[in-house]
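S.K.: Predicted model follows, preceded by the sequence.
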Amino acid sequence: MGKSLNNPLDFKNCIAYPGLFNAHDHLLGTYLPRVGRGPYLSWKPWDDDLKTSDLYQERSMLTNAHIYQISYYRQILSGVTTVCDHIPHIVHKDFLGGSFVRIIKEYCLAHEISSYELKWGDDHKVEIERAKKKNIPFITHLEEGFDEESKQGTEILHRKKGIFKNSVLVHCVSCSLEDIKLIAKQKASMVWCPNSNYYMFNQTAKIKDFIEQGVNVCLGTDSPMSGSVNLFAELQFAQKTYQKLYGSKISPKLLFKMITINPAKAFRLDQQLGTIEEGKLADILILKKSKEVDPYKKVVNANTEDIEMLWKEGVPLYFKEEYYSKLPKAILQNYEKVCLESKGGKITAYLIGKPHLLKKKINESVNFKKELEFIPII
């Protein structure tokens, strides 16, 4: 367990949750606005549009280090302490040690199972066998599209013996009921990214079938260049999407599990993360109580203004101004006071690191005042 604060803090009228887990993101894509002219038949034409856009050129003016720092604040301000950055290890290896949030380190991967996939990692067979041998996740996009090749993705991956208990299968937008039953039988996990799916395809996975078949379903934001601004926004989009698709409400408790214990299980980290209990890492999100008495509805409908404090391994990442005088003076030099714009008005709080300097560097890099919704510093 991480080091804890020595002095007690008063959290009356608050609720404690485990730090949230964003099960799918591409942190180098932490930029705005979204890009695209969908709906598309597959992810590939969206990626082509992205890489030929003026915004892509603008983003390239920033260093990778700055983009990763932006991504940390995006996660923190939606209660996230752990994120899966689906990218080859060589891309983010230099940023893992300096990350404020926890980026998953141990995994094997493919970009997708198609002839036009990006070449991430080693050969599929090598990555799959390595994941089995090390008992670590094997992560891949699966059936991210509706062209004939995308729709054969589950069958092809199964022939490669890549659907198994360590598999983390992302999107699955064109998976049939037969595909879903196979995924369930093999005890693989699935990551739902409904906002990105609708933006790119105007459709999403048959999520009710995944749930009813007993698949371990997680929730992810995907990159904000196609997906949600942050995990809070994704939760709220997921609620509305389920209601629209099925005419009934999805259980708030189930959504909560999709951002806590379910991804902890999927990424083989449930002995350290996903719940608050003795022996696990001290990742804790404190939300202010409201008229909403159901604690699961509270977190599913939360916004940044509801966060009182967020810890990773006992170290505060964010806290409201009222807690400043109650924290050890020795650590306060690690934080900057910020004024944040939120739906409920302005928030005065403290963020770890140097967010003001980061915003200055961003503006200098692009040569104008760049507004990014996930760092709403006034």
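M.R.: Cool, got the structure.

S.K.: Only C-alpha atoms from now on, for both contacts and neighbour counts.
M.R.: Will do.

S.K.: ranges for the strands of the stretch 251-378 of the chain?
M.R.: 284-288, 307-312, 315-320, 335-342, 345-352 (DSSP state E, counting those that start in this stretch).

S.K.: Pairing partners for the second one, with directions?
M.R.: Going back to what we said before, that points to strand 307-312. If you go by DSSP bridges, strand 307-312 pairs up with strand 284-288 (antiparallel), strand 315-320 (antiparallel).

S.K.: Now tabulate the strands of the stretch 251-378 of the chain in a markdown table and tack on mean pLDDT and mean neighbour count.
M.R.: Conversion of these to a markdown table gives the following (pLDDT from 0 to 100; neighbours: other Cα atoms under 10 Å):
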| stretch | mean pLDDT | mean neighbour count |
| --- | --- | --- |
| strand 284-288 | 96 | 23 |
| strand 307-312 | 97 | 25 |
| strand 315-320 | 97 | 22 |
| strand 335-342 | 94 | 17 |
| strand 345-352 | 94 | 18 |
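
S.K.: Which parts of the stretch 101-250 of the chain are strands?
M.R.: 102-103, 108-109, 138-142, 167-171, 189-192, 216-219.

S.K.: and the fifth one, C-alpha only, in CSV?
M.R.: Provided in CSV are the C-alpha atoms of strand 189-192 (Å, rounded to 0.1, in the frame of the first residue of the first chain):
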residue,chain,number,x,y,z
SER,A,189,-12.9,-8.9,-21.4
MET,A,190,-14.4,-6.2,-23.6
VAL,A,191,-14.0,-2.4,-23.5
TRP,A,192,-16.9,-0.3,-24.5
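
S.K.: Can you tell me which helices and strands it packs against?
M.R.: Packing contacts for strand 189-192, counted by 3 or more Cα pairs under 8 Å, 6 or more residues apart in numbering; DSSP states H and E, involve strand 167-171, strand 216-219.

S.K.: tell me the mean pLDDT for that strand?
M.R.: Taken as a whole, strand 189-192 has a mean pLDDT of 98.

S.K.: Partner strands of it and their direction?
M.R.: Paired neighbours of strand 189-192 in the sheet (DSSP bridges): strand 167-171 (parallel), strand 216-219 (parallel).

S.K.: Which one of those lies nearest to K326?
M.R.: With Cα to Cα as the criterion, K326 lies closest to strand 216-219 of these, at 34.5 Å.

S.K.: that older thread, pick the most buried one from the strands of the stretch 101-250 of the chain.
M.R.: The highest average neighbour count among the strands of the stretch 101-250 of the chain, using mean count of other Cα atoms under 10 Å, belongs to strand 189-192 at a mean of 29.

S.K.: Now do that strand: everything it contacts.
M.R.: Applying Cα atoms under 8 Å, 6 or more residues apart in numbering, the external contacts of strand 189-192 come out as 23-24, 165-172, 183, 205, 207, 215-220, 266.

S.K.: for stretch 287-295, same thing?
M.R.: Here stretch 287-295 makes contact (Cα under 8 Å, 6+ apart) with N13, C14, I15, A16, Y17, K298, V299, D306, I307, E308, M309.

S.K.: switch to 6 Å and redo it
M.R.: Residues from elsewhere that reach stretch 287-295, judged by Cα atoms under 6 Å, 6 or more residues apart in numbering: N13, C14, I15, D306, I307, E308.

S.K.: Could you list the buried residues of the helix or strand hosting I67?
M.R.: Here I67, judged by DSSP states H and E, is contained in helix 64-76. For helix 64-76, a neighbour-count test (16 or more other Cα atoms under 10 Å) marks N64, H66, I67, Y68, Q69, I70, S71, Y72, Y73, R74, Q75, I76 as buried.

S.K.: Heading C-terminal from that helix, find the next helix or strand.
M.R.: strand 80-85.

S.K.: residues near V126, how many?
M.R.: Residues lying near V126 (other Cα atoms under 10 Å) number 12.

S.K.: Tell me how far it lies from I76.
M.R.: V126 sits at a distance of 35 Å from I76 (criterion: Cα to Cα, to the nearest Å).

S.K.: Can I get the strands paired with strand 307-312 in TSV including distance to R102?
M.R.: TSV is the format used below for the strands paired with strand 307-312 (distance: least, Cα to Cα, whole Å):
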stretch	distance to R102
strand 284-288	13
strand 315-320	12
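
S.K.: how about low-confidence regions in the stretch 1-150 of the chain?
M.R.: Scanning the stretch 1-150 of the chain for pLDDT under 70 picks out 1-10.

S.K.: Apply 90 and report the result again.
M.R.: Along the stretch 1-150 of the chain, segments meeting pLDDT under 90 span 1-13, 97-98.

S.K.: can you map out the helices along it?
M.R.: Per DSSP state H, counting those that start in this stretch, the stretch 1-150 of the chain carries helices over the ranges 43-51, 54-59, 64-76, 89-92, 124-134, 148-151.

S.K.: ranking the ones you listed by burial, who's on top?
M.R.: Of these, helix 64-76 is the most buried (mean count of other Cα under 10 Å), at a mean of 22.

S.K.: Among the buried residues of helix 64-76, which one sits closest to L55?
M.R.: I67 (13.8 Å).

S.K.: From K51, how far off is that closest one?
M.R.: For I67 relative to K51 (Cα to Cα), the value is 17 Å.

S.K.: Equivalent analysis for L109, please.
M.R.: Counting by Cα to Cα - L109 and K51 are separated by 22 Å.
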